[in-house]
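Q: return atomic coordinates for the entry below.
(chains A, B, C and D)
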2 protein chains.
Amino acid sequence: MASQGAFTEIASLAGDPARAGMLHALMDGRALTASELAQAAHVTPQTASGHLTKLAAGGLIAVEKQGRHRYHRLASPAVARMLESIMQVAADARPRVIVTGPRDKALRAARTCYDHLAGHLGVALADAMIANRQIELTADAGIVTAEGASLFERLGIALETRKPERSKRILCRPCLDWSERRPHIGGALGAALCAHCLTAGWIRRVEGSRAVSVTTKGRQRFREYFAIEL
Amino acid sequence: MASQGAFTEIASLAGDPARAGMLHALMDGRALTASELAQAAHVTPQTASGHLTKLAAGGLIAVEKQGRHRYHRLASPAVARMLESIMQVAADARPRVIVTGPRDKALRAARTCYDHLAGHLGVALADAMIANRQIELTADAGIVTAEGASLFERLGIALETRKPERSKRILCRPCLDWSERRPHIGGALGAALCAHCLTAGWIRRVEGSRAVSVTTKGRQRFREYFAIEL
DNA sequence: GCGATACTTCGGCCGTGACCGTAACGTTCC
DNA sequence: GGAACGTTACGGTCACGGCCGAAGTATCGC
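A: Numbers count the residues shown, from 1 in each chain, chains lettered A, B, ... in the order given. So this is what the prediction gives:
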């Protein structure tokens, strides 16, 4: 089969510890410089450069030159989904020794997963919206109800229905959380929600991590709109 | 981060050519013996055995003893989704030399993707059901409409709504086809549909491949129920 | 122009891991 | 019991690929 070679190339690209560290660091959806990624992977800049070249050649990351910096980001949402699915299998088959460091704790509490929210916060949001009949989720798929749509309208979040034809239903993607083992909200809906939380100052990115922290305002708003106690 | 080690382990397990070949062979959802997998991966039985031990230890495959055979299958749908997502990235970043052999041709026409239908047939089915307003699909999610539910009832396919509570809507998972680059029907719905096609004799598995062939009866039924000309 | 910063390329060292041959082990069938 | 089949264990070879040091190429600020 012709596609097999490509498959092994992609998988082995992700299977190296240093490169995995870089991909991990890029999972929050932002673009990072080569030196930042070298630091994240605990290797020297030369080594990192080689890895980045390979990742770019394999189509996993995209590079953008800007002055003397080179910004690297995941090439597409498909790559993010791939990484997420690998993490899920990894977490699944792992009831082994789990060393929960303090940084891990923050990650488990709330983090971004490429472009949407994950961790305890992400799952709590999904749970709340399900309880409030604003969305419906299974392991496979999800939809936004009329109540959900009106909530987003109240929040000032524009949900561009990608299918303007005639279907009024809005769909979203469930994304199994590797720390909570339960689905949170992904897809375009999750991305819009996450973006709103950031711009409205409900949450803030934690420096040098995928973790996010909930602000006082955010705590209040989450209670107000979603009936979540954090 | 604690999870990173597990991530690299899983990815590098999949990143070896021989193991990738085996996983590929298991992608049709059936259980195969070690010798069959050795043949599929083009290695000696001893080598294959070592790989299978590792794959099992990593939680990618499950082993079942039966007489003097040992049947190996993918450990879970999550693993199948992971493989699929890797294939998708691999296909995505590959506008390179595509050597389309005769076997590839059959695969592109119709094949199983773990437990549901893919290839030209799979995409055609999805297209037809969308056109007939029996399902709605985006890249992220999908649902079955009332018309869709009644079709499945006519076909004698029981769709156990996994959420018996009160939601009458049935959800399904879109799965981006790596050969057609468009979504086909996955999830529980796709699995039920595929199983029905097999048991009703609409399609038949091609020996030693993930490809399936459409029978004369199948051609007729697909026209009758889905208005598809093959 | 100059040095400083950011990144890449080159060359050589070294460890990991895939592979096979041989051989042993365990089941099943006759 | 013994033959046939299938799987596992061990030892040795070999090649691929990661890693760093040193040197080379772009871009910024002065």
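Q: any idea which residue sits dead centre in chain A?
A: A:Cys113 (1.3 Å; CA atoms, centre = their mean).
Q: could you measure from it over to chain B?
A: 13 Å (CB to the nearest CB, to the nearest Å). Yep, even glycine has a C-beta here, placed from its N, CA and C like the rest.
Q: and for A:Leu74?
A: Applying CB to the nearest CB to A:Leu74 and chain B gives a distance of 10 Å.
Q: might one say that A:Leu117 is in contact with A:Ala195?
A: No: in this structure, A:Leu117 is not within contact of A:Ala195 by CB atoms under 8 Å, at 10.1 Å.
Q: of those two, who's got more company?
A: A:Leu117 (27 against 13; other CB atoms under 10 Å in any protein chain shown).
Q: circling back: let me know whether the residue nearest to the centre of chain A touches A:Glu84 as I believe.
A: Yes: at 6.4 Å, A:Cys113 and A:Glu84 qualify as touching, with contact defined as CB under 8 Å.
Q: which residues are in contact with both of the two?
A: Counting by CB atoms under 8 Å, 6 or more residues apart in numbering or on different chains, the shared contacts of A:Cys113 and A:Glu84 are A:27, A:175.
Q: so where does the residue nearest to A:Pro45 when sequence neighbours are not counted fall, helix or strand?
A: With sequence-adjacent residues excluded and distances taken as CB to CB, 6 or more residues apart in numbering or on different chains, A:Pro45 is closest to A:Ala38, at 4.8 Å. Take DSSP states H and E as the rule and A:Ala38 turns out to sit in helix A:34-41.
Q: hmm, who's touching that helix?
A: If you take CB under 8 Å, 6+ apart as the criterion, helix A:34-41 is touched by A:17-19, A:21-22, A:24-26, A:32, A:44-45, A:47-49, A:51-52, A:70, A:72.
Q: buried set for that helix?
A: A:34, A:36-41 (16 or more other CB atoms under 10 Å in any protein chain shown).
Q: closest one to DNA strand C out of the residues you listed, please.
A: Nearest to DNA strand C, judged by CB to the nearest atom of the strand, of those is A:Ala34 at 3.7 Å.
Q: my guess is A:Ile228 is in a strand, correct?
A: No: counting by DSSP: H, G, I helix; E, B strand; the rest coil, A:Ile228 is not found in a strand; it is coil.
Q: now the closest residue to it other than its chain neighbours: phi and psi?
A: Leaving out its chain neighbours, the residue that sits closest to A:Ile228 by CB to CB, 6+ apart is A:Phe222, at 4.5 Å. Main-chain dihedrals, A:Phe222, degrees, to the nearest 10: phi -60, psi -40.
Q: same question, A:Thr53
A: Dihedral angles (degrees, to the nearest 10) for A:Thr53: phi -60, psi -50.
Q: and the end-to-end length of stretch A:107-119?
A: Taking CA to CA, to the nearest Å, stretch A:107-119 runs 7 Å from one end to the other.
Q: what residues does chain A put near DNA strand C?
A: Counting by CB under 7 Å from any atom of the strand, the positions of chain A adjacent to DNA strand C are A:33-35, A:45-46, A:48-50, A:52-53, A:63, A:68-70.
Q: what's the closest non-adjacent residue to A:Arg173?
A: Nearest to A:Arg173 is A:Gly187, by CB to CB, 6+ apart, at 3.2 Å.
Q: run through who's touching stretch A:43-52.
A: Here stretch A:43-52 has contacts from A:16, A:18-19, A:22, A:34-35, A:37-38, A:41, A:61, A:63, A:72, using CB under 8 Å, 6+ apart.
Q: next, count neighbours for the nearest residue to A:Ala211 once chain neighbours are set aside.
A: Distances taken as CB to CB, 6+ apart place A:Ala106 nearest to A:Ala211, at 4.1 Å, with adjacent residues excluded. By the measure other CB under 10 Å, the count of residues near A:Ala106 is 17.
Q: how about A:Leu74?
A: 24.
Q: dump the residue contacts of it.
A: A:23, A:26-27, A:29, A:60-62, A:80, A:83, A:114.
Q: so what does it have for phi and psi?
A: phi -60, psi 140.
Q: how near is it to B:Ser12?
A: Separation of A:Leu74 from B:Ser12 (CB to CB, to the nearest Å): 20 Å.
Q: which stretches of chain A form strands?
A: For chain A, strands defined by DSSP state E occupy the ranges A:32-33, A:61-66, A:69-74, A:111-113, A:116-118, A:135-137, A:142-144, A:170-176, A:183-186, A:203-205, A:212-214.
Q: return the helix or strand in chain A with minimum mean pLDDT.
A: Using mean pLDDT, DSSP states H and E, helix A:102-109 stands out as the lowest-scoring helix or strand of chain A, at a mean of 78.
Q: may I see the domains of chain A written out as residue ranges?
A: Listed domain ranges for chain A are A:3-78, A:102-226 (source: automatic domain parsing).
Q: including distance to B:Ala149, could the ones you listed go into CSV?
A: Shown next, in CSV, are the domains of chain A (distance: least, CB to CB, whole Å):
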stretch, distance to B:Ala149
domain A:3-78, 30
domain A:102-226, 15
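Q: let me know which of these is the nearest to B:Ala93.
A: B:Ala93 lies closest to domain A:3-78 among those, at 2.3 Å (CB to CB).
Q: any part of the closest one near DNA strand D?
A: Yes: interface with DNA strand D: domain A:3-78 contributes A:16-18, A:43-44, A:46-47, A:50-51, A:54, A:65, A:67-68 (CB under 7 Å from any atom of the strand).
Q: phi, psi for whatever residue of chain A ends up closest to DNA strand D please.
A: Per CB to the nearest atom of the strand, A:Gly67 is where chain A lies closest to DNA strand D, at 3.0 Å. Per-residue torsions, A:Gly67: phi 60, psi -130 (degrees, to the nearest 10).
Q: just give me the neighbour total for it.
A: 5.
Q: what pLDDT is listed against it?
A: pLDDT for A:Gly67: 77.
Q: ok, A:Ala2 next?
A: For A:Ala2, the model assigns a pLDDT of 57.
Q: before we move on, back to that, ok, of the buried residues of helix A:34-41, which one's closest to B:Gly5?
A: Using CB to CB, those come closest to B:Gly5 at A:Ala41, 13.5 Å.
Q: pLDDT score for that closest one?
A: For A:Ala41, the predicted pLDDT is 87.
Q: the one 5 residues further on too?
A: Note for A:Gln46: predicted pLDDT of 88.
Q: how much space between it and B:Asn132?
A: In terms of CB to CB, A:Gln46 sits 58 Å off from B:Asn132.
Q: who's more crowded, these two?
A: B:Asn132 (15 against 9).
Q: next, give phi and psi for the more buried one.
A: phi -80, psi 0.
Q: give me the pLDDT value at it.
A: Reading off the model, B:Asn132 has pLDDT 90.
Q: quick one on the thing from earlier: got the residues of domain A:3-78 next to DNA strand D as a markdown table, with distance to A:Ser150 columns?
A: Formatted as a markdown table, the residues of domain A:3-78 next to DNA strand D follow (distance: CB to CB, whole Å):
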| residue | distance to A:Ser150 |
| --- | --- |
| A:Asp16 | 47 |
| A:Pro17 | 47 |
| A:Ala18 | 47 |
| A:Val43 | 50 |
| A:Thr44 | 54 |
| A:Gln46 | 55 |
| A:Thr47 | 52 |
| A:Gly50 | 52 |
| A:His51 | 47 |
| A:Lys54 | 48 |
| A:Lys65 | 44 |
| A:Gly67 | 46 |
| A:Arg68 | 49 |
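Q: sweet, I'm off.
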